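Please work out how this folds:
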Amino acid sequence: MLKKTIILASMLTALGTATSMAHTGFYKSGFLAGAHVGYSFGWGTFNGIHNINVAGIPLSNVSGRAKKSGPLFGFVGGYRHLLNQGYTFGADIGVSFYGGNELKKQLNNAIVTPINTVVTPFVNRIKRNYTIVPSLNFGRVFCGRYHVAVGLGLGIARFRQQVDNINAMLSAKASQTKFGFVPSVKGEYALSPHASLTGDISYEIYQKVKKQFGSTATAFPGGSYTSSITPKYLTLKIGAIYRF
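The predicted structure follows:
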């Protein structure tokens, strides 16, 4: 029995040594930098309120759901610390730029007047120009070359909002910066002690983007229009990093 115990302990020690050597060979504590490309799927519900500033005429409030997807590219940099048994802790900052992911929805606002009902179509648009995401990451190295981590990020996004008044052939624009919560799952494969291929999937939900356009004769004659939406995104990215 003692002999079997010694043999088992020796095997476990050898396995632990081999695993430690594998971790040391491909992953070490240090800084990292890289780039990525990907695709972002966005959705949300536009809410539109039309007020023509005439006494006795109620507000017209309608809503409609929109969705859109588009490509992205960006960069990442950070620091990762390797703990015992291959566990990791780190922080990074990712920056992404977007194209073709504008959410768009036409809302037909019906204003009931003493004479008749006037329908005014408004096209609501919102586009995300760029996102900055600082993130804390907790992970582990597996089988020497693989690293999987969970990220908890703070999204800082710049949105451009636009509303088009189709009847009057007029439009108004506004830009806002909003914060959001960005949890993610990240994977990495070490090609060498310094270079890795990466991939991650993240869910992003941001603060409500809301803007009242008007009341000006040049934008929305005789009244104002308020557009609001809480944008959400599912984002997939692949890339490469260099570990210093």
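
Every contact and neighbour count from this point should use C-alpha atoms.
Fine.

what's the burial count for residue 167?
Using other C-alpha atoms under 10 Å, residue 167 has 10 neighbouring residues.

Check for me that it belongs to a strand.
No: with DSSP: H, G, I helix; E, B strand; the rest coil as the criterion, residue 167 is coil rather than part of a strand.

contacting residues for the closest residue to it other than its chain neighbours?
Nearest in space to residue 167, with sequence neighbours left out and distances taken as C-alpha to C-alpha, 6 or more residues apart in numbering, is residue 120 at 6.4 Å. The contact partners of residue 120, by C-alpha atoms under 8 Å, 6 or more residues apart in numbering, come to 108-111, 165-167.

7 Å - rerun?
If you count contacts by C-alpha atoms under 7 Å, 6 or more residues apart in numbering, residue 120 has them with 108-110, 167.

Same check on residue 91?
Neighbouring residues of residue 91 by C-alpha under 7 Å, 6+ apart: 78-80, 135-137.

in stretch 172-192, what counts as buried?
Across stretch 172-192, burial judged by 16 or more other C-alpha atoms under 10 Å covers 172, 175, 179-190.

what about the helices in this protein?
Remark: helices assigned in the chain by DSSP state H are 2-26.

Please give me every residue in contact with the residue most central in space within it.
Computing the C-alpha centroid of the chain and ranking residues by C-alpha atoms, centre = their mean puts residue 204 first, at 4.1 Å. Counting by C-alpha under 7 Å, 6+ apart, residue 204 touches 180-182, 232-234.

farthest pair in these?
Distance extremes for the contacts of residue 204: the farthest pair is 180 and 234 at 13.0 Å, using C-alpha to C-alpha.

I'd like to know how far residue 74 sits from residue 241.
Taking C-alpha to C-alpha, to the nearest Å as the measure, residue 74 falls 12 Å from residue 241.

wait, residue 176
Distance from residue 176 to residue 241, counting by C-alpha to C-alpha: 31 Å.

do the same with residue 184
Distance of residue 184 to residue 241, given as C-alpha to C-alpha: 17 Å.

ditto for residue 35
Counting by C-alpha to C-alpha - residue 35 and residue 241 are separated by 7 Å.

before we move on, what about residue 67?
For residue 67, the distance to residue 241 (C-alpha to C-alpha) stands at 31 Å.

and these two? which has more neighbours close in?
Comparing residue 67 with residue 241 by other C-alpha under 10 Å, the one with more neighbours is residue 241, at 20 against 17.

List the beta-bridge partners for that one.
Beta-bridge pairing of residue 241, defined through DSSP bridges, involves residue 34, residue 196.

and it, what does it touch?
Contacts for residue 241 (C-alpha under 7 Å, 6+ apart) come out as 32-35, 195-197.

do that again at 8 Å, thanks
The contact partners of residue 241, taken as C-alpha under 8 Å, 6+ apart, are 32-35, 195-198.

Sounds good, over and out.
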